[in-house]
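K.L.:
here is a sequence together with a model predicted from it:
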Amino acid sequence: MTDLAPAPDTADPQSPDTPTGPAEAAPAARNGFDALDLPEALRSAVDALGFTSPSPIQEQAIPSLLEGRDVIGVAQTGTGKTAAFGLPLLAAVDPSVREVQGLVLAPTRELAMQVAEAISSFAASVGGLDVIAVYGGSPYGPQERALSRGAQVVVGTPGRVMDHMRRATLKLDMVRFAVLDEADEMLRMGFAEDVEEILSHSPAARQLALFSATMPPAIRRVATEHMKDPVRVSVSPQSSTVSSVKQSYAVVPFRHRTGALARVLATTEAKAAIVFVRTRAAAEEVGAALIERGLIAASISGDVAQKDRERIVGRLRDGSLQVLVATDVAARGLDVDRIGLVVNFDVPREPEAYVHRIGRTGRAGRSGEAITFIGPHERRALKNIERATKQTLAEAEVPSPRDVSRHRLRTVLAQVPERAQRGRLELYRELIAEFLAEGTMEASELAAVLAAMTVGDDGPGTRPEDEEFTGATLAGGQGPRGGGPKPEHGYTSYRIGVGHSHGARPPSIVGAITGEGGLDGKDVGKISIFGNFALVQIRGELTEDQLARIGRARVGGRALRIAPDTGPRGGGKGPAQRRDGDRSRRRGDRVDAKRKSFGRP
Ligand code: AMP
């Protein structure tokens, strides 16, 4: 068996250690932004984004900008400069006036989009405020329509901003706050004249903030000419987060990545992890694969609504979410102390993205870990990152199925002394003595069997190949005849009226059943999902009242309609429905999703 064989099946769903709810109280610390005098709506946006204390550049720049002063900031990407100018910019804008009042110039289309997105996220709770990005290489129409609808904040590349000015689709006479972001880069790219021209078309009384990684003479000239008595602030390049994160890489061919990822997650000590992927589609796919494996995972990409994003960040923070799969853009600004591990599912294209990604861990003075998966031919991309971050990454081995089992059992064994101390073991001692007295097994053999049962696998590497999760082998004809898997002792099998065709997945089913039935996650056992229904094992028996309440709960827009499972020929169902059920069982279209723990058995 190779190292990259899939992970063994994991812990018993009834494991008392399966985390099911908040594990840590939220810290009651004051938010460091309180001292900055931001308007209330922006203050709550900062909270929602999970920023707990201002970064040095924010601490230095925000007060002066809120006072109306011009500011020159020497700061690189990753220092939090966007919020340093974005928050004061929004504070200067009157949302009831539908004219351009805030203008940010940025050297590239990517940066313009990123900055516009960041400012939108700061403005999420300011009603009636629109932020748009304008850049070259994309049609004028949508940008013009957004401008004519009265966006108050425009983030653009100098060339396209000039074009809109010439077409009279962008007027700058109401601009109160202008920003030159990455000014050195704009000059290097030959935008000096455009920048001059744009600034001279904005009102003289407007405020100006200039951010730049370096301060060549040309930038000083812009400052002298267009700024009034600017306040100078600067921060040294970000190094602290990067150095507090233990970084490594592993060579993993693409088709083995989901399996490798699952094993990395199964052996981590981290409370929560972020997995970075490049595209929205990959975020959804990887997220779904992890959920199929029983991890409590969610994915977000750049186009997720602010509300959903806040909800997901909240779940990461309170411990009800273990793994977040995210694109670079979606994870901007994410600041959650619990994140102890970052996995780069692929190599980030830009070293800056790498620094940003790994900066999601090791926060608030904690240590963090980051592992980057690279393909066999991607060493060059790795070298770029190493050069840019001035460090070499250690090569790591992806945990093998053996490592996963070992980790799980060790975690259990580590709890043995404490459990022994708690006592009340007389009954078990007696039963074990009786069993051993039968003479069928040595004590050490019995202990090994009990260990395997506790860890919940059949020994390392017993799972089918990774491809199981692509659906190909899911339809592999192993569907149960009759009422699905035999319920474990003490469990009753129930049938619910949602299945694959309704997009049902184990976490949403568990959520609906526990939420409406007042059950604990531990009461929900094995879930087998079929085409248009699913079978769920539940500890004990549900009362009429619980059946009624769970039956009304909805998953994928459909009521659960829960009822005791009576097998394929059982009564109570209309013939058509029953036949459907039979057909999907014959196809063997099933997923057995045991709920698993994360890093712990
Ligand atoms: P920037 O330098 O503006 O590109 O920001 C780098 C990253 O840090 C972005 O993902 C920001 O959202 C995030 N960030 C900015 N300010 C803070 C803060 N005060 N606390 C935590 N994260 C922040």
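P.N.:
The structure has been received and is ready for your questions. Just so it is clear, the model here is predicted, and its values are computed rather than measured.
K.L.:
surely Gly127 is in a helix?
P.N.:
No. Applying DSSP: H, G, I helix; E, B strand; the rest coil, one finds Gly127 to be coil, outside a helix.
K.L.:
stretch 444-452 - what's its average pLDDT?
P.N.:
Taken as a whole, stretch 444-452 carries a mean pLDDT of 92.
K.L.:
from now on call the first residue 30
P.N.:
With 30 as the first residue, the last one maps to stretch 473-481.
K.L.:
how about low-confidence regions in the stretch 330-479 of the chain?
P.N.:
The stretch 330-479 of the chain contains residues with pLDDT under 70 at 362, 392-395.
K.L.:
would you map the helices across it?
P.N.:
With helices called from DSSP state H, counting those that start in this stretch, the stretch 330-479 of the chain shows them at 335-347, 380-387, 408-418, 430-443, 445-451, 455-466, 472-484.
K.L.:
mind checking which of those is nearest Gly131?
P.N.:
helix 335-347 (18.8 Å; Cβ to Cβ). For glycine as for every other residue, the C-beta is placed from the backbone atoms N, C-alpha and C.
K.L.:
which residues are in contact with that closest one?
P.N.:
With Cβ atoms under 8 Å, 6 or more residues apart in numbering as the test, helix 335-347 has contacts from 51, 53, 55, 77-79, 149-150, 153, 301, 327, 329, 333, 350, 353, 359, 363, 365-368.
K.L.:
tell me the buried residues within those.
P.N.:
77-79, 149-150, 153, 301, 327, 329, 333, 350, 353, 359, 363, 365-368 (16 or more other Cβ atoms under 10 Å).
K.L.:
next, check the residues you listed against the strands and list the overlap.
P.N.:
Of the positions in the buried ones among the contacts of helix 335-347, 301, 327, 329, 353, 368 sit in strands, assigned by DSSP state E.
K.L.:
ok, so of these, who is nearest Pro168?
P.N.:
Ile329 (27.7 Å).
K.L.:
quick revisit: tell me the one of the ones in strands among the buried ones among the contacts of helix 335-347 nearest the ligand?
P.N.:
Of all those, Ile368 has the smallest distance to the ligand: 11.9 Å, by Cβ to the nearest ligand atom.
K.L.:
quick one, what contacts that closest one?
P.N.:
299-303, 345, 389-390, 392, 397.
K.L.:
that one and Val352: what is the separation?
P.N.:
From Ile368 across to Val352, the span is 10 Å (Cβ to Cβ, to the nearest Å).
K.L.:
overlap in contacts of the two?
P.N.:
301-303.
K.L.:
just those now: which is nearest Val122?
P.N.:
Taking these together and measuring to Val122 by Cβ to Cβ, the closest member is Ile303, at 32.1 Å.
K.L.:
which stretches of the stretch 30-179 of the chain form helices?
P.N.:
So, for the stretch 30-179 of the chain - with DSSP H, counting those that start in this stretch - the helices run 69-78, 85-95, 110-121, 138-151, 169-177.
K.L.:
deepest of the ones you listed, which one?
P.N.:
Scoring the helices of the stretch 30-179 of the chain by mean neighbour count under mean count of other Cβ atoms under 10 Å gives helix 110-121 as the most buried, with a mean of 26.
K.L.:
mind listing residues that contact that one?
P.N.:
Against helix 110-121 from outside (Cβ under 8 Å, 6+ apart): 67-68, 71, 75, 80, 84, 86-87, 89-91, 94-95, 100, 102, 104, 130-131, 133, 143-144, 147-148, 151-152, 155, 158, 182, 205-206, 208, 210, 236, 238, 240, 362.
K.L.:
return the distance of it from the chain's centre.
P.N.:
Helix 110-121 has its C-alpha centroid displaced from the chain centroid by 25 Å (Cα atoms, centre = their mean, to the nearest Å).
K.L.:
now it: average pLDDT?
P.N.:
Computed over helix 110-121, the average pLDDT equals 97.
K.L.:
repeat that for stretch 259-266.
P.N.:
Stretch 259-266 comes out at a mean pLDDT of 82.
K.L.:
any chance of the shared contacts of Ile368 and Val352 in TSV, plus pLDDT and distance to Lys257?
P.N.:
Formatted as TSV, these follow (pLDDT from 0 to 100; distance: Cβ to Cβ, whole Å):
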residue	pLDDT	distance to Lys257
Ala301	94	46
Ala302	95	48
Ile303	95	43
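K.L.:
just the CA coordinates of the host helix or strand of Pro536, formatted as CSV?
P.N.:
Secondary structure from DSSP states H and E places Pro536 in helix 535-546. Extracted in CSV, the C-alpha atoms of helix 535-546 (Å, rounded to 0.1, in the frame of the first residue of the first chain):
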residue,chain,number,x,y,z
PRO,A,535,-25.1,14.1,6.2
PRO,A,536,-24.4,17.4,8.0
SER,A,537,-27.7,19.0,7.0
ILE,A,538,-29.6,15.8,7.9
VAL,A,539,-27.9,15.6,11.2
GLY,A,540,-28.6,19.3,11.8
ALA,A,541,-32.3,19.0,11.0
ILE,A,542,-32.8,16.0,13.2
THR,A,543,-30.9,17.3,16.2
GLY,A,544,-32.3,20.8,15.8
GLU,A,545,-35.9,19.8,15.5
GLY,A,546,-35.9,16.6,17.5
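K.L.:
out of the contacts of Ile368, which is most surrounded?
P.N.:
Ala302 (31 neighbours; other Cβ atoms under 10 Å).
K.L.:
so it makes contact with Leu350?
P.N.:
No. Taking contacts as Cβ atoms under 8 Å, Ala302 lies outside contact range of Leu350: 10.0 Å.
K.L.:
residues contacting stretch 464-474, please?
P.N.:
475, 478.
K.L.:
from the chain's centroid, how far away is it?
P.N.:
With Cα atoms, centre = their mean, you get 48 Å for stretch 464-474.
K.L.:
quick check: end-to-end length of that stretch?
P.N.:
One end of stretch 464-474 sits 12 Å from the other (Cα to Cα, to the nearest Å).
K.L.:
give the buried residues for that stretch.
P.N.:
Counting neighbours, the buried set in stretch 464-474 is empty (16+ other Cβ under 10 Å).
K.L.:
picking that back up, among the helices of the stretch 330-479 of the chain, show me which one is buried the most.
P.N.:
Compared across these, helix 380-387 shows the largest average neighbour count, a mean of 21 (mean count of other Cβ under 10 Å).
K.L.:
nothing else from me, thank you.
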